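Visitor: Need a 3D model of the sequence below.
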Amino acid sequence: MQRAADDPDAPAVPSLSTLHRAIRRDLTRGERAGLKSGEAARRAHDVFGQRSATHRNAVWEGDHKHVPVEVDVEGELATPWVTWFIDCATKAIAGVAVTAHTPSRDAVLASLRIAITRSEPFGPVGGLPGQIRVDRGKEFLCQAVTAAMGALPVPVTDLPAYSPRLKGTIKALNDAVEEMFLVSLPRYTGRQKLNGGPCGQAAFLLAAAPPHRLSPFDECREGMLAWATDNGLPGAAAPARLRLARAAGGHAQFPAGVSAVRTSLLP
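Guide: So this is what the prediction gives:
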C-alpha cells in the first residue's frame, strides 16, 4: 500500500475500511479464519455432505483411542488404549479390545474376532461387514490383519490422512467415551488443575472430584467394557456383550478358517 501511495501514476489508495469491506465481501468466513489462525481454523468452517443410510453390517469403522487415565499395570504407571469397531448403520459397538500397551496387531485381531463371531458367548451384534474403513493406521494395514480380512473376504478401505470427516462415526464414539465416562474416573489426565488456592466454585468442584487413587488396569478395562455394553453412541443398539469381551481378554484368536493365517503370521 505504501508503494502504491508513492506511485504518482497509480490510482488513489482505498481507505482501510474499504479494504476490510472488500475482504468481507470476497472471502468466505472460512477463508478469513484461515488467514487469521491457519489451516486448522479454516477446516472448522468446512461443510460436508452426509452419507446415505445403509443396512446393518454394510460398513464398519475402526480406530484406536488413547485412554487418558493413569492406571496401575503390575506396579507401573501406564495409560491404556482401546481398539474398537462400530457399525455405522446401527451405531452398535461390534468389537472392543482394551490393552495396557500401545495398540498393535494383537489388539486389532482380538477386536475383530469379537466383532465377527456371533456364536456363544459372542453376538448378537456382529458378522461379516461389507467394508471396513480405517485411517492409515499401520496396525490395521499390517500383513496379519490384511491377510485375515482377505481370507474372509472383507475389503479394508484406507482413508486419506487428516480426514476425520470420512470416519465420523468412530470419531464421535471416541469423543463420547471421554465426555461420558473417562472424565469421571480417578487419575483422569485431562482434569483441570488448580494452580492457586481453591476458592468458591473451584473448591466445590475439588471436593466433589473422585479421589486420586491409582486404579488397577483390570478395573479400568472392566469399566470400559461395561460402558461399551450399556451406553455407546445415542440411538445405538446396546446388546449384552460384556461377557464376550471379558472372555476374549485381549488375547483372542480367530475362528477356524482364519486362525491358520493368524498363526502363521504372528509370533
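Visitor: How about the contacts made by Trp60?
Guide: Contacts were defined as CB atoms under 8 Å, 6 or more residues apart in numbering; by that measure Trp60 touches 85-88, 94, 115, 129, 131-133. Bear in mind the C-beta positions are built from the backbone N, C-alpha and C, glycine included.
Visitor: how about 10 Å then?
Guide: Contact partners of Trp60, counting by CB atoms under 10 Å, 6 or more residues apart in numbering, are 84-89, 92, 94-95, 112, 115-116, 126-134, 154, 156, 169-170.
Visitor: Pull the contacting residues for Asp7.
Guide: So Asp7 contacts Val13 (CB under 10 Å, 6+ apart).
Visitor: out of the contacts of Trp60, which are inside helices?
Guide: Among these, DSSP state H puts 112, 115-116, 169-170 in helices.
Visitor: related to what we said a few turns ago, check the contacts of Trp60 for burial and list the buried ones.
Guide: 84-89, 92, 94-95, 112, 115-116, 126-127, 129, 132-134, 154, 156, 169-170 (16 or more other CB atoms under 10 Å).
Visitor: follow-up on the earlier one: show me which pair in the ones in helices among the contacts of Trp60 is furthest apart.
Guide: Within the ones in helices among the contacts of Trp60, two members stand farthest from each other by CB to CB: Ile116 and Thr169, at 18.3 Å.
Visitor: Could you pull out the helices in the stretch 1-150 of the chain for me?
Guide: 2-6, 16-26, 29-37, 39-43, 105-116, 143-151 (DSSP state H, counting those that start in this stretch).
Visitor: So which bits of the fourth one are buried?
Guide: This points to helix 39-43. Arg42.
Visitor: Pull the contacting residues for the residue lying closest to Gly30 once chain neighbours are set aside.
Guide: Among residues not flanking Gly30 along the chain, His45 sits closest, at 3.2 Å (CB to CB, 6 or more residues apart in numbering). His45 makes contacts with 28-34, as judged by CB under 10 Å, 6+ apart.
Visitor: quick one on the thing from earlier: take the ones in helices among the contacts of Trp60 and lay them out in JSON lines including pLDDT and distance to Cys220.
Guide: Output for the ones in helices among the contacts of Trp60, formatted as JSON lines (pLDDT from 0 to 100; distance: CB to CB, whole Å):
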{"residue": "Leu112", "pLDDT": "91", "distance to Cys220": "22"}
{"residue": "Ala115", "pLDDT": "91", "distance to Cys220": "21"}
{"residue": "Ile116", "pLDDT": "91", "distance to Cys220": "25"}
{"residue": "Thr169", "pLDDT": "90", "distance to Cys220": "24"}
{"residue": "Ile170", "pLDDT": "91", "distance to Cys220": "21"}
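Visitor: Kindly indicate which of these lies nearest Val69.
Guide: Ile170 (19.7 Å).
Visitor: ok, that closest one - contacts?
Guide: By CB under 10 Å, 6+ apart, Ile170 lies in contact with 60-65, 84-86, 88, 93, 133-135, 164, 233.
Visitor: Once you drop chain neighbours, what's closest to Gly34?
Guide: Arg42 (3.1 Å).
Visitor: ok now do that neighbour, which residues does it touch?
Guide: Per CB under 10 Å, 6+ apart, neighbours of Arg42: 28-36.
Visitor: Tell me the spacing between Thr229 and Val96.
Guide: 9 Å (CB to CB, to the nearest Å).
Visitor: out of the two, which sits in the busier spot?
Guide: Val96 (27 against 18; other CB atoms under 10 Å).
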